[in-house]
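> Below are the sequence and a predicted model; questions follow.
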Amino acid sequence: MTIDTTLAKSILIFSSVLIFSCADDRMHDIVILNGRVMDPESGLDAVRNIGITEGTIAVITDRSIQGKDTIDATGLVVAPGFIDLHAHGQDSISNRLQAADGVTTALELELGVYPVKPWLQSREGKAIINYGASVGHLGARIKHLTGFDAGHMPSRPPEDTAYQAASHISQQTEATEQEVSDIAKLIIAELDNGGLGIGFGIAYAPSTNRTEIFRLFQLAAELNVPVFTHLRGGDTLDALAPFQEVIACAAATGASLHIVHLNSTAREDARVALEMIRGARERGLDITTEAYPYTASSTKIESALFDDWETYDDKRLADFQWPTTGERLTRETFRKYREQGGWVIIHGERTEETNAWIVAQPDVVTASDGIPFLYGTAHPRGAGTFSRVLGYYVREQKVLPLMEALKKMTLMPAQRLEQICSQMKNKGRIRAGADADITIFDPETIIDKANFANGGNVPSSGVMFVIVGGVAVVREGEIQEGVYPGVGLRGN
(Lines give C-alpha, C1' and ligand atoms only; values in the text may rest on other atoms or scores of the structure.)
Protein backbone atom coordinates (compact mmCIF):
# COMPACT_ATOMS: atom_id res chain seq x y z
CA MET A 1 0.00 0.00 0.00
CA THR A 2 1.35 3.46 -0.91
CA ILE A 3 0.88 6.62 1.09
CA ASP A 4 -0.23 9.80 -0.67
CA THR A 5 2.86 11.93 -1.44
CA THR A 6 1.35 15.11 -0.02
CA LEU A 7 0.41 13.34 3.22
CA ALA A 8 3.92 11.85 3.49
CA LYS A 9 5.51 15.31 3.10
CA SER A 10 3.17 16.72 5.75
CA ILE A 11 4.14 13.96 8.18
CA LEU A 12 7.86 14.61 7.52
CA ILE A 13 7.51 18.36 8.09
CA PHE A 14 5.45 17.82 11.27
CA SER A 15 8.01 15.33 12.57
CA SER A 16 10.84 17.77 11.85
CA VAL A 17 9.05 20.50 13.79
CA LEU A 18 8.58 18.15 16.73
CA ILE A 19 12.28 17.19 16.71
CA PHE A 20 13.30 20.87 16.47
CA SER A 21 10.99 22.02 19.23
CA CYS A 22 11.28 19.15 21.68
CA ALA A 23 12.97 19.71 25.00
CA ASP A 24 16.67 18.87 25.24
CA ASP A 25 17.53 17.34 28.62
CA ARG A 26 21.28 17.11 28.01
CA MET A 27 23.74 19.14 30.06
CA HIS A 28 25.83 20.93 27.41
CA ASP A 29 29.27 22.37 27.96
CA ILE A 30 28.09 25.82 26.84
CA VAL A 31 24.65 27.15 26.02
CA ILE A 32 24.02 30.39 24.14
CA LEU A 33 20.56 31.70 24.99
CA ASN A 34 18.21 34.13 23.27
CA GLY A 35 20.59 35.27 20.52
CA ARG A 36 19.65 36.28 16.99
CA VAL A 37 21.16 33.30 15.19
CA MET A 38 22.23 34.12 11.63
CA ASP A 39 23.43 31.29 9.39
CA PRO A 40 24.28 32.25 5.78
CA GLU A 41 24.11 28.63 4.57
CA SER A 42 20.52 27.89 5.62
CA GLY A 43 19.27 31.47 5.75
CA LEU A 44 18.23 31.06 9.39
CA ASP A 45 17.70 34.46 11.03
CA ALA A 46 15.74 34.00 14.25
CA VAL A 47 16.06 34.00 18.04
CA ARG A 48 17.31 30.60 19.07
CA ASN A 49 19.23 28.77 21.81
CA ILE A 50 22.40 26.84 20.96
CA GLY A 51 23.91 23.94 22.87
CA ILE A 52 27.61 23.16 22.47
CA THR A 53 29.08 19.82 23.52
CA GLU A 54 32.69 18.64 23.07
CA GLY A 55 33.55 21.44 20.67
CA THR A 56 30.57 20.85 18.39
CA ILE A 57 27.19 22.53 17.95
CA ALA A 58 24.86 19.86 19.35
CA VAL A 59 21.48 21.58 19.09
CA ILE A 60 19.79 24.74 17.81
CA THR A 61 16.34 25.13 19.32
CA ASP A 62 13.60 27.51 20.40
CA ARG A 63 13.10 25.53 23.61
CA SER A 64 14.99 25.74 26.89
CA ILE A 65 18.35 24.01 27.24
CA GLN A 66 20.90 23.72 30.01
CA GLY A 67 24.65 24.02 30.16
CA LYS A 68 27.58 24.14 32.55
CA ASP A 69 28.38 27.59 31.13
CA THR A 70 25.64 30.00 30.04
CA ILE A 71 25.99 32.95 27.67
CA ASP A 72 23.06 35.35 27.52
CA ALA A 73 23.03 36.64 23.94
CA THR A 74 19.86 38.71 24.20
CA GLY A 75 20.05 41.54 21.67
CA LEU A 76 23.21 40.11 20.10
CA VAL A 77 23.88 38.41 16.76
CA VAL A 78 25.17 34.84 16.93
CA ALA A 79 27.11 34.10 13.73
CA PRO A 80 29.63 31.57 12.47
CA GLY A 81 33.17 32.54 13.45
CA PHE A 82 34.85 34.78 10.88
CA ILE A 83 37.37 33.07 8.60
CA ASP A 84 40.24 35.23 7.34
CA LEU A 85 41.90 33.71 4.25
CA HIS A 86 44.64 36.33 4.16
CA ALA A 87 46.23 36.98 7.54
CA HIS A 88 49.97 37.63 7.81
CA GLY A 89 49.64 38.11 11.56
CA GLN A 90 50.46 34.57 12.65
CA ASP A 91 51.60 35.29 16.20
CA SER A 92 50.02 35.62 19.64
CA ILE A 93 49.90 39.43 19.61
CA SER A 94 48.17 39.59 16.24
CA ASN A 95 45.86 36.68 17.15
CA ARG A 96 44.48 38.58 20.15
CA LEU A 97 43.55 41.54 17.96
CA GLN A 98 42.04 39.19 15.38
CA ALA A 99 39.94 37.43 18.02
CA ALA A 100 38.72 40.82 19.28
CA ASP A 101 37.59 41.44 15.68
CA GLY A 102 35.55 38.21 15.67
CA VAL A 103 38.03 36.02 13.78
CA THR A 104 38.14 32.34 14.74
CA THR A 105 40.37 31.15 11.86
CA ALA A 106 43.25 33.16 10.37
CA LEU A 107 45.14 31.63 7.44
CA GLU A 108 48.35 32.54 5.62
CA LEU A 109 47.37 31.66 2.05
CA GLU A 110 48.84 34.47 -0.08
CA LEU A 111 52.58 34.22 0.63
CA GLY A 112 52.22 30.88 2.39
CA VAL A 113 54.93 29.23 4.44
CA TYR A 114 57.97 27.13 3.51
CA PRO A 115 58.50 24.61 4.97
CA VAL A 116 54.95 24.07 6.27
CA LYS A 117 55.35 21.10 8.61
CA PRO A 118 57.67 22.66 11.26
CA TRP A 119 55.66 25.88 11.20
CA LEU A 120 52.42 24.01 11.93
CA GLN A 121 54.16 22.10 14.72
CA SER A 122 55.54 25.33 16.22
CA ARG A 123 52.02 26.73 16.72
CA GLU A 124 50.43 23.66 18.35
CA GLY A 125 49.02 24.47 21.77
CA LYS A 126 49.94 28.16 21.45
CA ALA A 127 47.14 29.61 19.33
CA ILE A 128 43.86 31.07 20.56
CA ILE A 129 42.38 30.84 17.04
CA ASN A 130 42.73 28.33 14.22
CA TYR A 131 45.64 28.63 11.77
CA GLY A 132 47.02 27.13 8.57
CA ALA A 133 49.01 28.02 5.46
CA SER A 134 49.54 27.32 1.81
CA VAL A 135 52.94 26.20 0.55
CA GLY A 136 54.80 29.40 -0.29
CA HIS A 137 56.23 29.53 -3.80
CA LEU A 138 58.59 32.32 -2.75
CA GLY A 139 59.84 30.27 0.18
CA ALA A 140 60.34 27.16 -1.97
CA ARG A 141 62.15 29.33 -4.52
CA ILE A 142 64.45 30.75 -1.83
CA LYS A 143 65.13 27.26 -0.50
CA HIS A 144 66.11 25.85 -3.88
CA LEU A 145 68.20 28.82 -5.00
CA THR A 146 69.97 29.55 -1.68
CA GLY A 147 69.36 26.64 0.72
CA PHE A 148 67.70 29.01 3.23
CA ASP A 149 64.48 28.04 5.05
CA ALA A 150 62.41 31.22 5.02
CA GLY A 151 59.57 29.83 7.15
CA HIS A 152 56.85 32.42 7.68
CA MET A 153 58.38 35.42 5.94
CA PRO A 154 56.12 38.22 7.27
CA SER A 155 57.10 37.29 10.84
CA ARG A 156 60.82 37.77 10.22
CA PRO A 157 62.26 40.93 11.83
CA PRO A 158 63.66 43.69 9.59
CA GLU A 159 67.17 43.09 10.92
CA ASP A 160 67.21 39.46 9.71
CA THR A 161 70.06 40.00 7.24
CA ALA A 162 70.45 36.31 6.34
CA TYR A 163 66.86 36.15 5.15
CA GLN A 164 67.16 39.50 3.36
CA ALA A 165 70.21 38.27 1.45
CA ALA A 166 68.55 34.99 0.46
CA SER A 167 65.38 36.79 -0.57
CA HIS A 168 67.35 39.25 -2.70
CA ILE A 169 69.03 36.41 -4.59
CA SER A 170 65.62 34.86 -5.31
CA GLN A 171 64.19 38.20 -6.43
CA GLN A 172 66.97 38.68 -8.96
CA THR A 173 67.29 35.12 -10.29
CA GLU A 174 65.33 33.78 -13.25
CA ALA A 175 64.84 30.04 -12.81
CA THR A 176 65.63 27.56 -15.56
CA GLU A 177 63.13 24.86 -16.57
CA GLN A 178 65.06 22.35 -14.45
CA GLU A 179 65.06 24.68 -11.46
CA VAL A 180 61.31 25.19 -11.81
CA SER A 181 60.92 21.40 -11.81
CA ASP A 182 63.03 21.18 -8.64
CA ILE A 183 61.00 23.95 -6.99
CA ALA A 184 57.84 22.02 -7.87
CA LYS A 185 59.19 18.95 -6.05
CA LEU A 186 59.76 21.02 -2.91
CA ILE A 187 56.19 22.32 -3.13
CA ILE A 188 54.76 18.82 -3.57
CA ALA A 189 56.54 17.60 -0.43
CA GLU A 190 55.03 20.37 1.69
CA LEU A 191 51.56 19.84 0.22
CA ASP A 192 51.92 16.33 1.60
CA ASN A 193 52.83 17.92 4.94
CA GLY A 194 49.58 19.88 5.25
CA GLY A 195 49.84 22.85 2.89
CA LEU A 196 46.48 24.33 1.88
CA GLY A 197 47.40 24.85 -1.77
CA ILE A 198 50.12 26.96 -3.39
CA GLY A 199 50.66 30.62 -2.43
CA PHE A 200 52.25 33.04 -4.90
CA GLY A 201 53.69 36.49 -4.25
CA ILE A 202 54.60 37.14 -7.87
CA ALA A 203 55.13 40.87 -7.38
CA TYR A 204 57.79 40.19 -4.76
CA ALA A 205 59.98 38.12 -7.11
CA PRO A 206 59.95 40.10 -10.36
CA SER A 207 62.46 37.72 -11.95
CA THR A 208 59.80 34.98 -11.88
CA ASN A 209 58.90 34.67 -15.54
CA ARG A 210 55.53 33.70 -16.97
CA THR A 211 56.64 30.20 -17.88
CA GLU A 212 57.46 29.45 -14.23
CA ILE A 213 54.01 30.61 -13.14
CA PHE A 214 52.33 28.59 -15.88
CA ARG A 215 54.23 25.41 -14.98
CA LEU A 216 53.22 25.72 -11.33
CA PHE A 217 49.58 26.33 -12.29
CA GLN A 218 49.86 23.08 -14.24
CA LEU A 219 51.13 21.41 -11.07
CA ALA A 220 48.22 22.78 -9.03
CA ALA A 221 45.71 21.51 -11.59
CA GLU A 222 47.36 18.09 -11.70
CA LEU A 223 47.24 17.79 -7.90
CA ASN A 224 43.79 19.41 -7.63
CA VAL A 225 44.95 22.04 -5.15
CA PRO A 226 44.01 25.75 -5.21
CA VAL A 227 46.32 28.61 -6.07
CA PHE A 228 46.31 31.84 -4.03
CA THR A 229 48.12 34.67 -5.72
CA HIS A 230 49.35 38.21 -5.27
CA LEU A 231 49.54 39.33 -8.87
CA ARG A 232 52.46 40.81 -10.72
CA GLY A 233 52.75 44.49 -9.77
CA GLY A 234 54.46 47.85 -9.99
CA ASP A 235 53.51 51.44 -10.68
CA THR A 236 54.42 51.19 -14.36
CA LEU A 237 52.33 48.06 -15.03
CA ASP A 238 48.79 48.27 -16.40
CA ALA A 239 46.56 47.19 -13.49
CA LEU A 240 44.57 44.75 -15.63
CA ALA A 241 47.49 42.91 -17.24
CA PRO A 242 48.32 40.86 -14.11
CA PHE A 243 44.71 39.68 -13.93
CA GLN A 244 44.92 38.56 -17.55
CA GLU A 245 48.09 36.57 -16.83
CA VAL A 246 46.65 34.43 -14.05
CA ILE A 247 43.18 34.06 -15.59
CA ALA A 248 44.87 32.79 -18.76
CA CYS A 249 46.96 30.34 -16.71
CA ALA A 250 43.82 29.10 -14.96
CA ALA A 251 41.95 28.72 -18.25
CA ALA A 252 44.83 26.87 -19.91
CA THR A 253 45.44 24.48 -17.01
CA GLY A 254 42.14 24.16 -15.16
CA ALA A 255 43.73 25.26 -11.89
CA SER A 256 41.50 26.57 -9.10
CA LEU A 257 42.46 30.23 -8.61
CA HIS A 258 41.96 32.73 -5.79
CA ILE A 259 43.16 36.30 -6.49
CA VAL A 260 44.04 38.18 -3.32
CA HIS A 261 43.13 41.81 -2.49
CA LEU A 262 41.25 42.82 -5.61
CA ASN A 263 41.16 46.34 -4.19
CA SER A 264 44.87 47.04 -3.91
CA THR A 265 45.81 45.23 -7.13
CA ALA A 266 43.10 46.60 -9.43
CA ARG A 267 42.83 50.00 -7.73
CA GLU A 268 40.45 52.21 -9.78
CA ASP A 269 40.13 49.46 -12.41
CA ALA A 270 38.36 47.18 -9.90
CA ARG A 271 35.07 47.20 -11.80
CA VAL A 272 36.68 45.93 -15.00
CA ALA A 273 38.86 43.41 -13.12
CA LEU A 274 35.80 41.95 -11.41
CA GLU A 275 34.03 41.79 -14.80
CA MET A 276 36.92 39.67 -16.05
CA ILE A 277 36.75 37.37 -13.03
CA ARG A 278 32.98 36.97 -13.32
CA GLY A 279 33.19 36.34 -17.05
CA ALA A 280 35.76 33.61 -16.52
CA ARG A 281 33.64 32.06 -13.76
CA GLU A 282 30.51 32.10 -15.93
CA ARG A 283 32.47 30.12 -18.51
CA GLY A 284 33.39 27.37 -16.08
CA LEU A 285 36.61 28.54 -14.42
CA ASP A 286 36.96 28.23 -10.65
CA ILE A 287 38.07 31.77 -9.75
CA THR A 288 37.38 33.78 -6.60
CA THR A 289 38.71 37.00 -5.14
CA GLU A 290 38.77 38.99 -1.90
CA ALA A 291 39.17 42.53 -0.54
CA TYR A 292 39.73 44.49 2.67
CA PRO A 293 37.72 47.64 3.54
CA TYR A 294 40.41 50.34 3.46
CA THR A 295 41.60 52.82 0.85
CA ALA A 296 45.28 52.45 1.85
CA SER A 297 47.56 49.44 1.34
CA SER A 298 50.66 48.16 3.11
CA THR A 299 53.75 46.08 2.40
CA LYS A 300 57.46 45.93 3.19
CA ILE A 301 59.22 49.14 2.19
CA GLU A 302 62.34 47.17 1.21
CA SER A 303 60.41 44.88 -1.17
CA ALA A 304 61.03 44.63 -4.89
CA LEU A 305 57.79 46.51 -5.49
CA PHE A 306 59.66 49.74 -4.80
CA ASP A 307 62.95 49.05 -6.57
CA ASP A 308 62.18 52.06 -8.79
CA TRP A 309 61.37 54.36 -5.88
CA GLU A 310 63.99 56.92 -6.88
CA THR A 311 61.85 57.77 -9.93
CA TYR A 312 58.86 58.75 -7.72
CA ASP A 313 57.99 62.43 -7.51
CA ASP A 314 57.48 64.17 -4.15
CA LYS A 315 53.70 63.80 -4.34
CA ARG A 316 53.99 60.04 -4.77
CA LEU A 317 56.48 59.76 -1.90
CA ALA A 318 54.10 61.69 0.37
CA ASP A 319 51.51 58.92 -0.11
CA PHE A 320 53.73 56.65 2.02
CA GLN A 321 53.23 56.71 5.79
CA TRP A 322 55.50 55.20 8.44
CA PRO A 323 53.13 53.62 11.00
CA THR A 324 55.49 53.91 13.99
CA THR A 325 55.67 57.70 13.79
CA GLY A 326 52.63 58.48 11.62
CA GLU A 327 54.80 60.67 9.37
CA ARG A 328 54.35 60.98 5.61
CA LEU A 329 57.61 60.24 3.80
CA THR A 330 60.02 62.40 1.85
CA ARG A 331 62.86 61.31 -0.41
CA GLU A 332 65.22 61.40 2.56
CA THR A 333 62.98 59.46 4.96
CA PHE A 334 61.98 56.92 2.29
CA ARG A 335 65.65 56.11 1.75
CA LYS A 336 66.24 55.85 5.50
CA TYR A 337 63.35 53.50 6.17
CA ARG A 338 64.04 51.40 3.07
CA GLU A 339 67.54 50.77 4.39
CA GLN A 340 66.08 49.99 7.83
CA GLY A 341 63.26 47.78 6.52
CA GLY A 342 59.72 47.33 7.80
CA TRP A 343 56.05 47.72 6.94
CA VAL A 344 54.91 50.93 5.27
CA ILE A 345 51.37 52.22 4.56
CA ILE A 346 50.53 53.46 1.06
CA HIS A 347 47.70 55.98 0.64
CA GLY A 348 46.08 57.32 -2.51
CA GLU A 349 45.62 54.04 -4.38
CA ARG A 350 41.80 54.14 -4.67
CA THR A 351 38.89 56.38 -3.75
CA GLU A 352 36.40 55.74 -0.97
CA GLU A 353 33.69 55.42 -3.63
CA THR A 354 35.55 52.53 -5.26
CA ASN A 355 36.35 51.06 -1.87
CA ALA A 356 32.69 51.01 -0.80
CA TRP A 357 31.66 49.53 -4.16
CA ILE A 358 34.11 46.65 -3.73
CA VAL A 359 32.96 45.98 -0.15
CA ALA A 360 29.35 45.77 -1.38
CA GLN A 361 29.98 43.14 -4.06
CA PRO A 362 28.35 39.83 -3.03
CA ASP A 363 30.98 37.61 -4.65
CA VAL A 364 34.06 39.27 -3.11
CA VAL A 365 35.22 37.51 0.06
CA THR A 366 36.19 39.71 3.03
CA ALA A 367 39.82 39.12 4.02
CA SER A 368 42.14 41.41 5.96
CA ASP A 369 45.63 41.03 4.48
CA GLY A 370 46.50 41.85 8.08
CA ILE A 371 50.12 42.80 8.81
CA PRO A 372 51.75 41.24 11.91
CA PHE A 373 51.72 43.35 15.07
CA LEU A 374 54.62 41.26 16.35
CA TYR A 375 57.03 44.20 16.18
CA GLY A 376 54.67 47.07 16.97
CA THR A 377 52.35 49.30 14.96
CA ALA A 378 51.04 48.46 11.50
CA HIS A 379 48.15 48.97 9.08
CA PRO A 380 44.82 48.85 11.01
CA ARG A 381 43.33 46.19 8.74
CA GLY A 382 44.88 43.44 10.86
CA ALA A 383 42.81 44.58 13.84
CA GLY A 384 39.62 46.06 12.41
CA THR A 385 38.64 44.59 9.03
CA PHE A 386 35.56 42.59 10.05
CA SER A 387 34.17 45.08 12.55
CA ARG A 388 34.69 47.88 10.04
CA VAL A 389 32.58 46.07 7.46
CA LEU A 390 29.82 45.28 9.97
CA GLY A 391 29.84 48.63 11.76
CA TYR A 392 30.72 51.19 9.13
CA TYR A 393 29.64 49.64 5.83
CA VAL A 394 26.62 47.58 6.98
CA ARG A 395 25.15 49.64 9.84
CA GLU A 396 26.22 53.19 9.01
CA GLN A 397 26.63 53.30 5.23
CA LYS A 398 24.14 50.51 4.45
CA VAL A 399 26.06 49.42 1.35
CA LEU A 400 25.18 45.75 1.94
CA PRO A 401 22.78 43.77 4.17
CA LEU A 402 24.01 42.08 7.34
CA MET A 403 23.41 38.49 6.19
CA GLU A 404 25.30 39.09 2.95
CA ALA A 405 28.22 40.62 4.84
CA LEU A 406 28.33 37.59 7.16
CA LYS A 407 28.28 35.21 4.21
CA LYS A 408 31.38 36.91 2.78
CA MET A 409 33.17 36.40 6.15
CA THR A 410 32.09 32.85 6.95
CA LEU A 411 30.46 30.53 4.42
CA MET A 412 32.26 31.79 1.31
CA PRO A 413 35.81 31.44 2.70
CA ALA A 414 34.92 28.01 4.11
CA GLN A 415 33.61 26.88 0.73
CA ARG A 416 36.71 28.21 -1.02
CA LEU A 417 38.83 25.73 1.00
CA GLU A 418 36.60 22.64 1.15
CA GLN A 419 38.28 21.15 -1.92
CA ILE A 420 41.67 21.04 -0.18
CA CYS A 421 40.67 20.91 3.52
CA SER A 422 37.80 18.70 4.65
CA GLN A 423 37.87 20.41 8.07
CA MET A 424 36.32 23.48 6.44
CA LYS A 425 33.07 21.62 5.69
CA ASN A 426 32.16 22.07 9.36
CA LYS A 427 33.21 25.71 9.65
CA GLY A 428 31.49 28.88 8.52
CA ARG A 429 28.06 27.52 9.50
CA ILE A 430 25.67 27.53 12.43
CA ARG A 431 24.11 24.07 12.27
CA ALA A 432 24.01 20.91 14.33
CA GLY A 433 27.22 18.95 13.81
CA ALA A 434 29.31 21.98 12.81
CA ASP A 435 32.41 23.02 14.74
CA ALA A 436 31.61 25.40 17.58
CA ASP A 437 33.52 28.34 16.10
CA ILE A 438 31.10 31.16 16.87
CA THR A 439 31.22 34.95 16.99
CA ILE A 440 28.64 36.89 19.03
CA PHE A 441 28.46 40.64 18.50
CA ASP A 442 26.28 43.66 19.15
CA PRO A 443 25.03 44.87 15.75
CA GLU A 444 24.33 48.33 17.20
CA THR A 445 27.83 48.98 18.54
CA ILE A 446 30.32 46.84 16.61
CA ILE A 447 32.98 49.06 15.03
CA ASP A 448 36.70 49.15 14.32
CA LYS A 449 38.82 51.30 16.63
CA ALA A 450 42.21 50.90 14.93
CA ASN A 451 43.16 53.63 12.48
CA PHE A 452 46.14 55.16 10.71
CA ALA A 453 46.72 57.69 13.50
CA ASN A 454 46.76 55.37 16.53
CA GLY A 455 49.17 52.75 15.23
CA GLY A 456 46.55 50.29 14.04
CA ASN A 457 46.86 47.97 17.03
CA VAL A 458 43.69 48.96 18.92
CA PRO A 459 41.05 46.23 19.46
CA SER A 460 37.64 46.51 17.84
CA SER A 461 34.54 47.19 19.92
CA GLY A 462 31.23 45.33 20.04
CA VAL A 463 32.49 41.76 19.64
CA MET A 464 31.18 40.34 22.91
CA PHE A 465 31.97 36.61 22.75
CA VAL A 466 34.19 34.50 20.51
CA ILE A 467 34.16 30.71 20.79
CA VAL A 468 36.81 28.55 19.13
CA GLY A 469 36.31 24.79 19.18
CA GLY A 470 33.84 25.12 22.04
CA VAL A 471 36.15 27.29 24.17
CA ALA A 472 35.43 30.97 24.86
CA VAL A 473 38.47 33.06 23.92
CA VAL A 474 36.57 36.37 24.21
CA ARG A 475 34.03 36.88 26.97
CA GLU A 476 32.07 40.10 27.56
CA GLY A 477 34.44 41.79 25.11
CA GLU A 478 37.60 40.72 26.94
CA ILE A 479 40.29 38.32 25.72
CA GLN A 480 40.56 35.30 28.01
CA GLU A 481 44.02 34.43 29.29
CA GLY A 482 45.60 30.98 29.24
CA VAL A 483 43.29 29.33 26.70
CA TYR A 484 44.67 28.03 23.38
CA PRO A 485 42.00 26.05 21.54
CA GLY A 486 43.22 26.96 18.04
CA VAL A 487 44.06 24.01 15.82
CA GLY A 488 46.06 23.71 12.62
CA LEU A 489 44.06 23.28 9.44
CA ARG A 490 45.79 20.93 7.00
CA GLY A 491 45.39 20.02 3.37
CA ASN A 492 43.82 16.65 2.64
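Sure, I can see it. Numbering: from 1, shown residues only.

> so what's R350 scoring on pLDDT?
Turning to R350, the model gives it a pLDDT of 91.

> Tell me where the stretch 1-150 of the chain has helices.
With DSSP state H, counting those that start in this stretch, the ranges of helices along the stretch 1-150 of the chain come out as 5-21, 92-100, 116-123, 137-146.

> Pick out the shakiest of the ones you listed, pLDDT-wise.
By mean pLDDT, the lowest-scoring of the helices of the stretch 1-150 of the chain turns out to be helix 5-21, with a mean of 42.

> Ignoring the adjacent residues along the chain, who's closest to E179?
Nearest residue to E179, sequence neighbours excluded (Cβ to Cβ, 6 or more residues apart in numbering): H144, at 6.4 Å. Using the backbone N, CA and C atoms, a C-beta is placed for each residue, glycine as well.

> Measure how buried R267 is and give me the count.
For R267, the count of nearby residues is 16 (other Cβ atoms under 10 Å).

> And it, how close does it get to I346?
Look at R267 and I346: by Cβ to Cβ, to the nearest Å, they are 11 Å apart.

> Likewise for G482?
Remark: distance between G482 and I346 (Cβ to Cβ) = 38 Å.

> More neighbours: those two, which one.
Regarding G482 and I346, a neighbour count based on other Cβ under 10 Å identifies I346 as having more, with 19 against 5.

> looking at the sheet around the more buried one, what are its partners?
Legend: beta-bridge partners of I346 under DSSP bridges are S297, F320.

> Look at it and report its pLDDT.
On the pLDDT scale, I346 is placed at 96.

> Could you pull up the contacting residues of it?
Taking Cβ atoms under 8 Å, 6 or more residues apart in numbering as the contact definition, I346 lies against 296-299, 319-321.

> pLDDT score assigned to D24?
If you check D24, the pLDDT there is 74.

> Can you verify my assumption that it contacts T61?
Yes - with the criterion set as Cβ atoms under 8 Å, D24 and T61 qualify as a contacting pair; they are 6.1 Å apart.

> which parts of the top strand by length along the chain are buried?
Looking only at the chain and at elements set by DSSP state E, the strand with the highest residue count is strand 27-39. Residues of strand 27-39 classed as buried under the neighbour-count rule (16 or more other Cβ atoms under 10 Å) are 28-33, 35-39.

> That strand packs against which elements?
Using 3 or more Cβ pairs under 8 Å, 6 or more residues apart in numbering; DSSP states H and E as the contact test, the elements touching strand 27-39 are strand 44-53, strand 56-61, strand 66-72, strand 77-80, helix 402-409, strand 438-441.

> so where do the strands sit in the stretch 301-450 of the chain?
Applying DSSP state E, counting those that start in this stretch to the stretch 301-450 of the chain gives strands spanning 320-321, 343-346, 364-366, 438-441.

> Centre of the chain to the second one, how far?
Think strand 343-346. For strand 343-346, the gap between its own C-alpha mean and the chain's C-alpha mean amounts to 19 Å (Cα atoms, centre = their mean, to the nearest Å).

> one step back: find the residues that touch each one of D24 and T61.
Counting by Cβ under 8 Å, 6+ apart, the shared contacts of D24 and T61 are G51.

> Quick one, which of the strands of the stretch 301-450 of the chain gets closest to A252.
Comparison of these against A252 by Cβ to Cβ identifies strand 364-366 as nearest, at 24.4 Å.

> Spit out the contact partners of I188.
With contact set as Cβ under 8 Å, 6+ apart, I188 has these partners: 219, 223.

> Okay, it and A140: tell me how far apart.
Plainly put, I188 is 10 Å away from A140 if you go by Cβ to Cβ.

> same thing with I430?
Using Cβ to Cβ, one gets 38 Å for the distance from I430 to A140.

> List the contacts of the spatially closest residue to V272 that is not a sequence neighbour.
Excluding its sequence neighbours, the residue lying closest to V272 (Cβ to Cβ, 6+ apart) is L240, at 6.2 Å. Counting by Cβ under 8 Å, 6+ apart, L240 touches 266, 269, 272-273, 276.

> per-residue confidence for L240?
pLDDT, L240: 94.

> and if you look at L237?
The pLDDT attached to L237 in the predicted structure is 64.

> what does P158 give?
Confidence at P158, expressed as pLDDT, is 86.

> G233 now?
Spelled out, the predicted local distance difference test score at G233 is 80.

> go on, A360?
pLDDT, A360: 98.

> so how many other residues sit close to it?
Burial of A360, expressed as a neighbour count using other Cβ under 10 Å, amounts to 19.

> check contacts around it.
Counting by Cβ under 8 Å, 6+ apart, A360 touches 393, 399-400.

> can you do 10 Å?
Shown in contact with A360 (Cβ atoms under 10 Å, 6 or more residues apart in numbering): 389, 393-394, 397-401, 404-405, 408.

> try G112
For G112, the contact set (Cβ under 10 Å, 6+ apart) comprises 119, 133-140, 150, 152-153, 187, 190, 195-201, 228.

> could you redo the last one with a cut-off of 7 Å?
When the contact criterion is Cβ atoms under 7 Å, 6 or more residues apart in numbering, the partners of G112 are 133-136, 139, 199.

> Now do the helices in the stretch 351-492 of the chain.
Defined through DSSP H, counting those that start in this stretch, the helices belonging to the stretch 351-492 of the chain, from first to last, are 352-360, 381-388, 402-409, 411-417.
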